[in-house]
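**Student:** Model the structure of this input:
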Amino acid sequence: MLTATAFAGSMRRAAFALAAATALAIAPASPALSADFPKQPIEMAVLFGGSSATIAQILADAMSKELGVPVAAVSRTGASGAVGYSYVKSTPPNGYNIVWNSNSISTAYHNGNMDFDYKTFDGVARVGMEVPALAVRTDSGWKNLKEFAAAAKKQKMKVGVSGRGAFTHLASAALFDKMGIDVIYVPYGKGSAPVELLGGRIDAALQWPSQFKAQVDAGQLRVIAVTSPERLPVMPDVPTAKEQGYDVDAVLWRGIAAPKGTPKNVIARLEEAIRKVVTGKDFKERAAKLGFEPAFQGAAAFDKFIAADDAVTAKLMAELGLKKKK
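**Tutor:** I've put the predicted structure just below:
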């Protein structure tokens with residue numbers, strides 16, 4: 001005969017079994033246990049606006065087609081990338097939250113904006129490289145770096161950067177250090193480089209070429225240098241800083257990373273999708289119009305690349321007085 005106590009225990013066990021079965025039925029499959037990743041939408045955290053956001057959206061749309069699920073490029077800006085990195089760091093390492101990362105993983109850490117570094121993430125793939133360009137108003141009369149330097153030595157210039165400690169700040173500091181001039185850095189806030197320049201709130205800005213193109217074509221702005229070793233196809237008439245006597249090599253890389261511990265099979269699936277997109281004709285053509293150079297690199301090589309770049313960035317920031325002591 002079943003006692004009241006035994007009956008109650010039996011009911012509790014049945015209820016527990018039912019709840020467990022229900023939970024298993026509605027919970028998404030763990031990529032760590034499933035070979036059919038992905039089974040739900042993926043969020044790509046985008047840390048900056050401008051051309052970074054544009055390229056991220058192009059990549060996300062193409063990845064959606066390759067993976068068979070939506071890849072949503074979601075803006076998580078602020079603190080020179082720290083806001084977005086912190087968010088993705090807090091998510092489960094299952095491949096459904098990835099970050100559109102760059103050198104900012106190093107600059108945000110070394111300038112003290114966040115207390116974790118690149119080792120918090122697993123590299124998925126490098127996507128490409130982007131080169132900053134220095135622009136001024138056409139009516140300023142400055143046609144090259146030497147003319148800008150001469151003017152800056154008479155009156156301190158206000159130079160716009162994406163944010164204090166951002167890569168554009170680091171690249172600007174490296175360039176102006178070589179030029180022997182001291183400037184006042186002005187973060188854009190919610191503005192953009194062309195708007196701030198044309199409004200007269202800054203004298204120059206170091207930013208991505210695509211942000212200046214419309215105003216350059218209209219004759220309102222002039223790009224007087226790029227910080228890469230070679231000229232850019234998108235701006236073939238603009239000389240490099242090195243051509244003008246200032247030995248600067250500042251190039252931004254962009255790629256995709258995931259929280260540390262993301263299953264290898266998941267990373268491999270994402271890596272392959274990115275490889276197909278980045279090496280494809282459509283992505284290359286669209287990237288070229290933005291001054292973005294596709295440069296795919298797989299996960300293992302990308303991790304080593306980031307580690308080496310972080311060491312170089314830390315050294316440069318220390319030399320320029322931008323590295324916060326830990």
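
**Student:** Gly180: neighbouring residues, count only.
**Tutor:** Per other CB atoms under 10 Å, the neighbour tally for Gly180 reads 10. Placement of C-beta: from N, CA and C, glycine included.

**Student:** how about the strands of this structure, start to end?
**Tutor:** Remark: strands assigned in the chain by DSSP state E are 42-46, 71-75, 97-102, 121-130, 133-137, 158-161, 184-187, 204-207, 221-226, 252-259, 292-297.

**Student:** for the record, mean pLDDT for the fifth one?
**Tutor:** Read it as strand 133-137. Per-residue pLDDT over strand 133-137 has a mean of 97.

**Student:** helices and strands around it, which ones?
**Tutor:** helix 145-154, helix 193-198, strand 204-207, helix 209-217, strand 221-226 (3 or more CB pairs under 8 Å, 6 or more residues apart in numbering; DSSP states H and E).

**Student:** can you check the third one too?
**Tutor:** Packing contacts for strand 97-102, counted by 3+ CB pairs under 8 Å, 6+ apart, involve strand 42-46, helix 50-67, helix 82-89, strand 121-130, strand 252-259.

**Student:** And the ones you listed: which comes nearest Ala205?
**Tutor:** Shortest distance between Ala205 and the helices and strands packed on strand 97-102, using CB to CB, is found for helix 50-67: 11.4 Å.

**Student:** what's the angle from the closest one to strand 71-75?
**Tutor:** 160 degrees (axes from the mean of the first three to the mean of the last three CA atoms, to 10 degrees).

**Student:** Dump helix 50-67 to PDB, restricted to CA.
**Tutor:** Extracted in PDB, the C-alpha atoms of helix 50-67 (Å, rounded to 0.1, in the frame of the first residue of the first chain):
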ATOM      1  CA  GLY A  50      31.500  55.200 -39.000                       C
ATOM      2  CA  SER A  51      33.200  52.800 -41.400                       C
ATOM      3  CA  SER A  52      33.800  50.200 -38.700                       C
ATOM      4  CA  ALA A  53      30.000  49.900 -38.300                       C
ATOM      5  CA  THR A  54      29.500  49.800 -42.100                       C
ATOM      6  CA  ILE A  55      32.000  47.000 -42.600                       C
ATOM      7  CA  ALA A  56      30.600  45.100 -39.700                       C
ATOM      8  CA  GLN A  57      27.100  45.200 -41.200                       C
ATOM      9  CA  ILE A  58      28.400  44.000 -44.600                       C
ATOM     10  CA  LEU A  59      30.200  41.200 -42.800                       C
ATOM     11  CA  ALA A  60      27.200  40.300 -40.600                       C
ATOM     12  CA  ASP A  61      24.800  40.200 -43.600                       C
ATOM     13  CA  ALA A  62      27.100  37.900 -45.600                       C
ATOM     14  CA  MET A  63      27.800  35.600 -42.600                       C
ATOM     15  CA  SER A  64      24.000  35.200 -42.100                       C
ATOM     16  CA  LYS A  65      23.800  33.700 -45.600                       C
ATOM     17  CA  GLU A  66      26.800  31.400 -44.900                       C
ATOM     18  CA  LEU A  67      25.600  30.200 -41.500                       C
END
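
**Student:** and that helix, which residues are buried?
**Tutor:** By 16 or more other CB atoms under 10 Å, the buried positions in helix 50-67 come out as 50-60, 62-64, 66-67.

**Student:** Equivalent analysis for stretch 75-83, please.
**Tutor:** Arg76, Thr77, Ala79, Ser80, Gly81, Ala82, Val83.

**Student:** Please apply the same query to stretch 123-139.
**Tutor:** 123-137.

**Student:** before we move on, what about stretch 268-285?
**Tutor:** So stretch 268-285, judged by 16+ other CB under 10 Å, has buried residues Arg269, Leu270, Glu271, Ala273, Ile274, Arg275, Val277, Val278, Phe283.

**Student:** now, among those residues, which is nearest to Ala205?
**Tutor:** Phe283 (27.3 Å).

**Student:** Could you check how far the residue lying closest to Met157 once chain neighbours are set aside is from Leu134?
**Tutor:** Of all residues not flanking Met157 in the chain, Asp203 sits nearest, at 4.3 Å (CB to CB, 6 or more residues apart in numbering). Separation of Asp203 from Leu134 (CB to CB, to the nearest Å): 11 Å.

**Student:** go on, Val312?
**Tutor:** On the measure of CB to CB, Val312 and Leu134 end up 21 Å apart.

**Student:** just Asn111 next, same as before
**Tutor:** Applying CB to CB to Asn111 and Leu134 gives a distance of 21 Å.
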